[in-house]
Every structure is written in C-alpha cells, then in structure tokens.
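Participant: sharing a model prediction with you, sequence too.
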Amino acid sequence: MFRKLHIKLTAYMGIILIIFMFIIASGIYYFTRYIFEDGTKKLMQSEAVKIYSYSNSLKPDLSLLEDRFYLFSFNPGIAFMGNDKIEANYIIYYDTDKCIINNDKDSIVNSIKNLASESFNEKRDSYVIRKVGGINYRVYTKYFNNVLNPRVIQIYQNTINEEIIWSFLRAVILSIGFAGVFILLIISYISTGKALKPVKEAWIKQKEFVADASHELRTPLTVIQTNLDVVLSNSEGSFEENEVWLDNAYSETRVMAKLIDHLLILAKADSKEQRLDISEISLTEIVDNICANMENIAKKKNIGFELNLEENVVIKGDYDKVRRMIVILIDNAIKYTEKGKVTVSLFTEKNKKILTVEDTGTGINKNDIDRIFDRFYRADKARHREGGSGIGLSIAKWIADAHRFSLTVESEYDEGSKFTVRF
C-alpha cells in the first residue's frame with residue numbers, strides 16, 4: 001500500500017515539476033526572443049534613418065529619429081549612427097514604382113513591395129517576418145514624411161543563422177529541463193519516502209496496537225466465559241461450591257478494567273486530549289506513599305525492598321500522572337524480580353531531581369531494550385500474563401515526555417534493570 005502511495009506521490013510531484021519547468025523554460029526562451037527582436041528592430045530603425053540621411057546628401061533631419069542621441073551630423077552628407085551595425089540589405093522607394101535596390105534579388109523585392117505600398121498609403125512604419133522561398137526574412141519598413149520628397153526605406157535580412165541559434169537554445173533548454181526534472185524526481189522520490197516513513201511507522205504501530213489490544217482483551221474474556229460456563233453447568237451447586245469460579249471471573253474483570261483504563265489513557269494521549277494540571281508537588285511525599293504500599297507486595301513475593309529518600313524534594317508537574325508513572329516503574333520492577341531486591345532512590349544531583357528504580361530481576365536483552373517503551377511490547381513473549389499487558393511502560397514514557405522529563409533504562413540480561421527519571 002505504501003509503495004503504491006510512494007510512487008503516486010512521486011508521479012504527482014513529477015507532473016508539477018514538469019509543468020513548472022516548462023513554464024520557466026518557456027518564459028526564458030520567449031523573453032530572450034522578445035529582447036532580441038526588440039533590439040534588432042531598433043537597429044533596423046537606426047539603419048533606415050542613416051540610409052535616408054545618406055540618400056539626401058543633405059544635412060540629416062534629426063527629427064526623423066526617435067532616439068536622437070544616436071545620430072550625429074558632422075557635415076552635410078555624412079552621418080554617423082553610433083557603433084551599432086547590422087548585416088542587412090535595403091531598398092529605397094521614391095514612390096510605389098521607383099526604387100533603388102542594393103542587391104539583385106528580385107524575388108525578395110517583389111514579395112515585400114506591398115509592404116512599401118501600405119507604408120506610403122497609410123504613412124506608417126511596419127515590422128514583420130515574412131517567408132520567401134522557404135527562408136524567413138525580417139523586414140522593417142520606415143516611412144519618411146518629407147513634404148517635398150516622401151520616401152520609404154525597407155531594411156531586410158534573413159534569419160537562417162538566428163534560427164540555428166534559436167534551435168540550439170531550445171535543445172539546450174529542453175536538455176537541461178529534462179535533466180533537471182529527472183534529478184528532481186530522484187530527490188522527490190527520496191524525500192517523499194522520508195516523509196512517508198513516520199506515517200508508515202504510525203500505521204504499523206496502530207495496526208499492531210489494534211491487534212494486541214484485541215488479543216489482550218480476548219484473554220480475560222475467555223477466562224471469564226470459561227468460569228461462568230462452569231458455574232452455569234453446575235446449576236444445583238451452592239454459592240460456596242462456585243465461589244472459586246466466580247472469584248476467577250471477578251479477577252479477570254479487574255484485569256480488563258485496568259487494561260481498558262490504560263488504553264483510554266493512550267488514546268487520549270494520541271488525540272492530544274490529555275492535559276497536564278501543573279502545580280508544585282512534593283516528590284518525596286509521593287514516592288514515600290507509593291513505596292509504603294509496594295513494600296507489602298514485595299514481601300509477599302519474598303524479595304527485598306529498599307528505599308533511599310531525600311527529604312523536601314519538590315517539583316512542578318501533574319500530581320496524578322507523576323504518581324501513576326512512579327507506580328508503573330516500581331510495580332514493573334517487583335513483577336519481574338523473582339529473587340533479590342528492588343531499590344528505589346530519590347536524590348538531587350547538580351540541581352536535578354533524580355528518581356531511580358533498580359531491580360535484580362530478569363533484565364532486558366540488548367536487542368529488546370530499544371523497544372521496551374513500545375506499546376504492547378514484551379521482551380519475553382512467552383512470559384505468563386502476570387507480567388502485564390505491555391503498555392505500562394508506554395504510559396510511563398508518555399507521562400515523562402509530556403512533562404519533558406527524561407526516562408531512561410539500563411539493563412543486563414539475567415542481572416536486572418535500572419530505570420532513571422530526571423526531573
């Protein structure tokens with residue numbers, strides 16, 4: 001599923017990139033052509049004025065040129081048009097029938113003569129590109145409104161070399177564009193994969209969460225159903241005779257209630273509904289109160305319980321959640337310790353309040369230690385259900401992270417574990 005999504009996202013990104021690159025490349029190409037054509041038109045205009053000035057053999061009429069600062073007259077009959085030059089041919093029309101041509105290409109002259117006639121009739125300039133004999137020609141026609149001697153001068157040039165250059169430019173832009181799109185697609189594929197990674201992990205965790213939650217809930221339900229079936233099958237039995245089966249069913253309802261409570265906490269945590277009620281709380285008082293109850297449980301298992309408590313340790317946090325976190329850590333230590341002892345220590349080190357819960361129990365394998373805070377994860381899958389559902393440490397980790405506390409674990413297999421909270 002995620003592979004298909006990955007490919008689809010990359011494809012969509014590729015389409016967007018191709019459209020974007022096409023717009024940019026087209027903009028660069030046509031803007032360059034526009035600037036070039038505009039510059040060429042101005043050069044042809046200057047050339048027409050220069051030819052007109054030469055043809056008159058008189059002092060040039062400076063009012064004929066819009067960009068007058070390019071035209072300088074040194075004496076009658078000589079005009080300099082700056083340093084710009086243009087390789088082009090010209091035709092001078094004295095009227096629609098009489099003209100002077102500086103070459104002998106009649107086919108071109110005949111093809112563009114109508115432009116001169118239009119210029120005479122409409123008394124205006126024109127700039128067009130016309131195809132003659134399969135070759136494109138750029139034609140600039142300028143009308144000179146001289147009362148005594150009106151004239152039209154045509155400047156024309158072929159665009160063969162330019163077309164070669166423009167074709168080369170198009171090829172370069174396309175090559176760079178395709179190469180750029182290909183490189184960006186690779187980058188997009190990699191970045192999309194990285195973006196999808198947390199989504200994929202969350203989806204897998206959610207899938208595992210649903211499966212594990214169903215399994216954990218099914219187990220006590222099965223036990224309850226089995227015990228109640230026994231009671232129902234012995235309809236003539238007294239309460240005392242069925243008490244053991246009813247006790248078993250009741251115990252499992254308590255297990256289910258605890259599990260559902262934990263699931264609700266995690267669900268609210270995921271939906272950001274859990275809010276912290278921050279206040280100044282006595283960590284010394286909380287730890288002392290919890291350990292007083294937990295010590296009795298340790299004694300029932302015939303394991304030692306040691307408490308090292310520093311007085312007047314105060315922090316800011318949510319009382320109920322901090323208490324729950326500490327209960328989970330100590331309860332977890334007692335559950336997984338069959339012999340030896342559990343040691344709880346609260347102290348201050350370099351202005352940091354530190355709580356450690358250390359046991360001499362089964363410990364955690366190095367391969368499992370990175371996943372110990374994952375939901376429903378238990379290092380020993382075959383462990384009896386008294387080991388818990390595997391979400392207690394997940395809740396403890398969430399509470400620590402929500403308070404910006406640091407919760408870490410150190411462990412050696414068959415030697416024990418040490419959980420440390422830095423407040």
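Facilitator: Structure's in. What do you need? Numbers count the residues shown, from 1 in each chain.
Participant: quick check: residue 30 vs residue 36, distance?
Facilitator: According to CB to CB, to the nearest Å, residue 30 and residue 36 sit 11 Å apart. Heads up, the C-betas are built off the backbone N, CA and C, glycines and all.
Participant: looking at the two, which one has more neighbours?
Facilitator: When residue 30 and residue 36 are compared on other CB atoms under 10 Å, the one with more neighbours turns out to be residue 36, at 13 against 10.
Participant: residues near the closest residue to the more buried one other than its chain neighbours, how many?
Facilitator: The spatially closest residue to residue 36, leaving aside those adjacent along the chain, is residue 162, at 8.0 Å (CB to CB, 6 or more residues apart in numbering). Applying other CB under 10 Å, we find 16 residues neighbouring residue 162.
Participant: relative to the whole chain's centre, how far out is the helix or strand harbouring residue 162?
Facilitator: Secondary structure assignment for residue 162, by DSSP states H and E: helix 160-233. Shown here is helix 160-233, whose average C-alpha point lies 13 Å from the average C-alpha point of the whole chain (CA atoms, centre = their mean, to the nearest Å).
Participant: for residue 312, phi and psi?
Facilitator: Recorded main-chain torsions at residue 312 are phi 60, psi 40, according to degrees, to the nearest 10.
Participant: list the residues that contact it.
Facilitator: Residue 312 sits next to 282, 284 when contact means CB atoms under 8 Å, 6 or more residues apart in numbering.
Participant: and the pLDDT for it?
Facilitator: Per-residue confidence (pLDDT) for residue 312: 88.
Participant: quick one: the helices in this structure?
Facilitator: Read by DSSP state H, the chain holds these helices, from start to end of the chain: 2-56, 106-122, 160-233, 239-270, 283-300, 319-335, 392-403.
Participant: gap between the residue in the chain sticking out farthest from the centre and residue 92?
Facilitator: Ranked by distance from the centre of the chain (CA atoms, centre = their mean), the top residue is residue 148, with 73.3 Å. The span separating residue 148 from residue 92 equals 16 Å under the rule CB to CB.
Participant: and stretch 414-423, how far out from the chain's middle?
Facilitator: 38 Å.
Participant: could I have the CA atoms of that stretch written out in PDB?
Facilitator: Included here for stretch 414-423 are C-alpha records, laid out as PDB according to Å, rounded to 0.1, in the frame of the first residue of the first chain:
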ATOM      1  CA  ASP A 414      19.700 -12.100  34.000                       C
ATOM      2  CA  GLU A 415      21.200  -9.400  36.200                       C
ATOM      3  CA  GLY A 416      18.400  -6.800  36.500                       C
ATOM      4  CA  SER A 417      17.300  -3.300  35.200                       C
ATOM      5  CA  LYS A 418      17.600   0.300  36.300                       C
ATOM      6  CA  PHE A 419      15.000   2.900  35.300                       C
ATOM      7  CA  THR A 420      16.100   6.500  35.800                       C
ATOM      8  CA  VAL A 421      13.800   9.600  35.700                       C
ATOM      9  CA  ARG A 422      15.500  13.000  35.600                       C
ATOM     10  CA  PHE A 423      13.000  15.800  36.600                       C
END
